[in-house]
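S.K.: Following is a predicted model, sequence given first.
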There are 2 protein chains.
Amino acid sequence: MTPAKKIRVAVNGYGVIGKRVADAVAVQDDMELAGVADISADWRPRMATQKGYRLFAATGDHAEAMRNAGLDVAGNLDDLLEASDLVVDCTPKRIAAVNVDIYRQRGIKFIVQGGEKHDVTGHSFVAESTYASALNRDSTRVVSCNTTSIVRTLTALKQAGLLRRARGTLLRRATDPWESHLGGIMNTLVPEPEIPSHQGPDAQSVDPDLDVVTMAVKVPETLAHLHYWSVQLTRPASREEVLDAFAASSRIALIRMDAGLTALNAVKELMADLGRPHDNLYEVALWSDMLKVQGDELFYAYMVDNQAIVIPETIDAIRALCGVIASAEDSIARTDAALGIGLLTETLRQR
Amino acid sequence: MTPAKKIRVAVNGYGVIGKRVADAVAVQDDMELAGVADISADWRPRMATQKGYRLFAATGDHAEAMRNAGLDVAGNLDDLLEASDLVVDCTPKRIAAVNVDIYRQRGIKFIVQGGEKHDVTGHSFVAESTYASALNRDSTRVVSCNTTSIVRTLTALKQAGLLRRARGTLLRRATDPWESHLGGIMNTLVPEPEIPSHQGPDAQSVDPDLDVVTMAVKVPETLAHLHYWSVQLTRPASREEVLDAFAASSRIALIRMDAGLTALNAVKELMADLGRPHDNLYEVALWSDMLKVQGDELFYAYMVDNQAIVIPETIDAIRALCGVIASAEDSIARTDAALGIGLLTETLRQR
């Protein structure tokens, strides 16, 4: 299916998430990147114009400085929104809350990121769980990287009728790689002060049926998050049943220790070798040979690329809000094909 | 009680554990450090002689090099064992297995570390669990740092009648601080390839009744291990009941996030401020304000100083093997007093 008219998408905020969303929108054949907005006048927005993206000043205050820095600024945020059907807000937390009012006043559909609260849009999005309820809505929130991974994996177990309750420990990367010069923790571990940590309740904002408790700790590395899970199943199950349940999701890649993927850095290097932009790992990378079933209990670990995992969800959320594809499966398949998702799983299967 | 004759203790291997054991033996009023043995001729054994410890060459091959380096070598291992009632083996894994034959041939009581298998001595030691069964034995194994912490905490819950089963995720420090120039992981996380990791079964070598499963991951820091636990209780319990259970062990220190102990480095700094040798944290440092009870489930996290936690256990194991104190409680109290254990808990209580 090819819609007659492409969805015109604006990306507000050209940071770690925004640039990835822009690249992902640009390769969808049913979407068109109307442009990106930012406030920076340094090297970062220059990368956008070099790629041929139209660059807008997110506020009038910054337009002059951006032009003075030699940036080709096509207009202000108003101009960008005027030329768009939907805006993906990728600005930092506090800014996004202000922007939402602007979007509402203009009557433009919008997507916010997981840093915002559920109440901001009243809907939280993970494609495999809440695509249908997002159809034709005005707005949704693509949940955070950790929450996305939790909902993906637990939904897979739930759909196989295996999930009773899940208890997870989340090792959170200290800071994003590109911001690591600004400081991060070194040679220590910093527990999140509250148990449960917020990710469990956040997963329930997507699917209230999930019985999930999380604990989290910040670790001194920048590559990715790593989750360890103890799951109580509804009944004793075989390893194969569980692996089949996970394999049913195209966005859970089963990787293997014995294939040399023994640490986060090895998986990131594989992403680079696959030629993915920014070495993006869009999938939950779950170690199948580490996974253990013991009676009615399940134990496993997986890796979450905090910069990349929400990108395919954002693409699906755009289609859901615009109502151009009614079925989650169809949108997911289309997004996956455009981003090369599934290739990782296939590549490893051929081993 | 003061035994008429002090226990003469030899320490074989003056590394990270050996030097701490030697210092701890030296401050017990019912023990006498017969001497320490090593093979190094560099600055390390020099610290032993500077403290007034008698230094022996662990093998005849090394004696000459040690003397040539100007070290005051009192003799060989044979001489040290001759002058001792018991030897604590603190040598690396492979060496210890060979030494055990020597100790057996000489008929001297011995203690090995957690790196050795349970079968080497047929007995695994954690004071609060297996002191009684170690009484007057020829040998025991003081289990590893992680296992010690697991047995201490789960025994506390078991003795309060609260423990059904425990599932833990262990964040393991990458390498010891003093060896970090030899290399360690940087900016990545390295999962242990097998679930369950070995620490669960190892805890069962101390107490076969413990229903415990562990998963482990190596993290890029050197300060301490950090454990996260999900425990199924025998019944719904209050937070206070659980905290009382943990507080009943002098070797579990309840620390608080809201007292500023927000990360591993803060707790180590507190140990330095307390003036402990090597900033040793002998206790399991468990965050009481992070701890959460939800119905019949319990969640908590604690810190394990891998270099220090086994030191008090080793002291108690010496007394148990020599049969000089019949009761675990009495030995533990004596060790605690000599090492300043309990002071941490008291210091924090006074806040």
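M.R.: Structure's in. What do you need?
S.K.: Could you tell me the end-to-end distance of stretch A:334-348?
M.R.: 21 Å (C-alpha to C-alpha, to the nearest Å).
S.K.: sorry, that was for stretch A:16-35
M.R.: For stretch A:16-35, the end-to-end distance is 16 Å (C-alpha to C-alpha).
S.K.: Tell me how far the most far-flung residue of chain A relative to its centre lies from chain B.
M.R.: Taking C-alpha atoms, centre = their mean, the residue of chain A most remote from its mean C-alpha position is A:N68, at 34.2 Å. Computed as C-beta to the nearest C-beta, to the nearest Å, the A:N68 to chain B distance reads 37 Å. (C-beta placed from N, C-alpha, C; glycine too.)
S.K.: Tell me how far the nearest residue to that residue once chain neighbours are set aside lies from chain B.
M.R.: Ranked by C-beta to C-beta, 6 or more residues apart in numbering or on different chains and with sequence neighbours excluded, the top spatial neighbour of A:N68 is A:A41, at 7.4 Å. Distance, A:A41 to chain B, by C-beta to the nearest C-beta: 30 Å.
S.K.: Just the element for A:A41, please.
M.R.: Assigned by DSSP states H and E, A:A41 falls within no helix or strand.
S.K.: ok, now A:E329?
M.R.: helix A:328-339.
S.K.: gap between the helix or strand just after that helix and the chain center?
M.R.: With elements assigned by DSSP H and E, the helix or strand that comes after helix A:328-339 is helix A:343-349. When distances are taken as C-alpha atoms, centre = their mean, to the nearest Å, helix A:343-349 is centred 20 Å away from the chain's centroid.
S.K.: can you pull the buried residues of the longest strand that chain A contains?
M.R.: Secondary structure of chain A per DSSP state E: the longest strand is strand A:163-173. Applying a neighbour-count criterion of 16 or more other C-beta atoms under 10 Å in any protein chain shown, one finds A:L163, A:A166, A:R167, A:G168, A:T169, A:L170, A:L171, A:R172, A:R173 buried in strand A:163-173.
S.K.: just stretch A:252-263 next, same as before
M.R.: Neighbour-count burial for stretch A:252-263 [16+ other C-beta under 10 Å]: A:I252, A:A253, A:L254, A:I255, A:M257, A:L261, A:T262, A:A263.
S.K.: The second one contacts A:L343, doesn't it?
M.R.: No - the criterion here is C-beta atoms under 8 Å, and A:A253 misses it with A:L343 at 9.3 Å.
S.K.: Let me know whether the residue farthest from the centre of chain A touches A:H62 as I believe.
M.R.: No - the criterion here is C-beta under 8 Å, and A:N68 misses it with A:H62 at 10.4 Å.
S.K.: Need the overlap of contacts for these two.
M.R.: Taking C-beta atoms under 8 Å, 6 or more residues apart in numbering or on different chains as the contact rule, A:N68 and A:H62 both touch A:A41.
S.K.: Let me see the mean pLDDT of stretch A:190-207.
M.R.: Mean pLDDT, computed over stretch A:190-207, is 97.
S.K.: actually stretch A:162-177, not the one I wrote
M.R.: Model confidence over stretch A:162-177, given as mean pLDDT, is 97.
S.K.: Distance of A:I7 relative to chain B?
M.R.: To chain B, A:I7 is 38 Å away according to C-beta to the nearest C-beta.
S.K.: residues contacting that residue?
M.R.: A:D30, A:M31, A:E32, A:D85, A:L86, A:I318, A:R319, A:C322, A:V324.
S.K.: List just the nearest of those to chain B.
M.R.: When the contacts of A:I7 are compared for distance to chain B (C-beta to the nearest C-beta), A:I318 wins out at 32.5 Å.
S.K.: which residues does the closest one contact?
M.R.: Counting by C-beta under 8 Å, 6+ apart, A:I318 touches A:I7, A:V9, A:V25, A:M31, A:L86, A:V88, A:I111.
S.K.: go again using 6 Å as the cut-off
M.R.: By C-beta atoms under 6 Å, 6 or more residues apart in numbering or on different chains, A:I318 lies in contact with A:V9, A:L86.
S.K.: Am I right that it is in a strand?
M.R.: No - counting by DSSP: H, G, I helix; E, B strand; the rest coil, A:I318 falls outside a strand, being helix.
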